[in-house]
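Novice: I'll drop the sequence and a predicted model, then ask my questions.
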Amino acid sequence: MIEHRTRNSDYRAAVKSERFKGDLHFGSSGPLLEMLRAGDRAVATVWRGDIVALSQGGIRQGTSDEPRDEPQMTAAIGTELGLLALLGTVFGAARFAAPRDPGIFTWSRSGQVLFITNLVALFGVGLPALWLGIPWQLVTPTMVAILLVVSFFLLDEWPRSPRRSTARWGRCG
């Protein structure tokens with residue numbers, strides 16, 4: 001193991017095999033690099049032509065080139081797109097069912113609020129889940145719950161809205 005002490009330490013292991021000869025870069029000395037000595041044999045994991053991990057005796061350590069598995073933002077973006085599709089479907093169905101009076105299913109009445117809430121939920125749930133290592137399975141239910149709560153408050157306010165009464169019955173007098 002070769003260690004270069006700089007602001008960000010760089011740990012390297014010199015590897016020589018039939019197919020690869022060179023240095024592998026690691027983010028830390030980890031469990032495996034501390035044990036390896038010159039001439040030790042280790043098993044390499046290759047992905048797309050690069051060595052991404054070394055293992056020996058059941059101990060494994062990934063290199064700096066190892067692909068990261070962080071599906072939280074992928075789940076958040078997928079949920080975002082699904083909720084936007086649902087939002088468009090509901091607003092379109094309301095417009096189709098009552099073309100002259102869609103109620104609160106217009107952009108200015110609730111569409112804007114729900115769209116912005118959806119975007120805030122994307123970044124407000126997805127990024128902290130990524131940074132804190134929260135399981136990706138919790139991202140979708142959390143985003144849906146946030147949008148349902150905001151929708152509930154919008155629907156709860158709807159019958160008391162003054163625009164609703166004048167739009168449906170017109171002005172008298």
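Specialist: Cool, the structure landed. Numbers count the residues shown, from 1 in each chain.
Novice: Does Leu127 touch Ile77 like I think?
Specialist: No: contact between Leu127 and Ile77 fails when scored by Cβ atoms under 8 Å: they sit 11.3 Å apart. Using the backbone N, CA and C atoms, a C-beta is placed for each residue, glycine as well.
Novice: Quick check: phi and psi on Val43?
Specialist: The phi/psi pair for Val43 (degrees, to the nearest 10) reads phi -90, psi 130.
Novice: Tell me which stretches of the protein form helices.
Specialist: Taking DSSP state H, the helices of the chain run over residues 30-33, 72-97, 112-132, 139-157, 162-169.
Novice: closest to Gly57 out of those helices?
Specialist: Closest of the helices of the chain to Gly57 is helix 30-33, at 9.0 Å (criterion: Cβ to Cβ).
Novice: Identify the residues contacting that closest one?
Specialist: The contact list for helix 30-33, computed with Cβ atoms under 8 Å, 6 or more residues apart in numbering, reads Met1, Tyr11, Ala13, Phe26, Ala42, Leu54, Ser55, Gln56, Ile59, Arg60, Gln61.
Novice: Contact partners for Glu70?
Specialist: Leu130.
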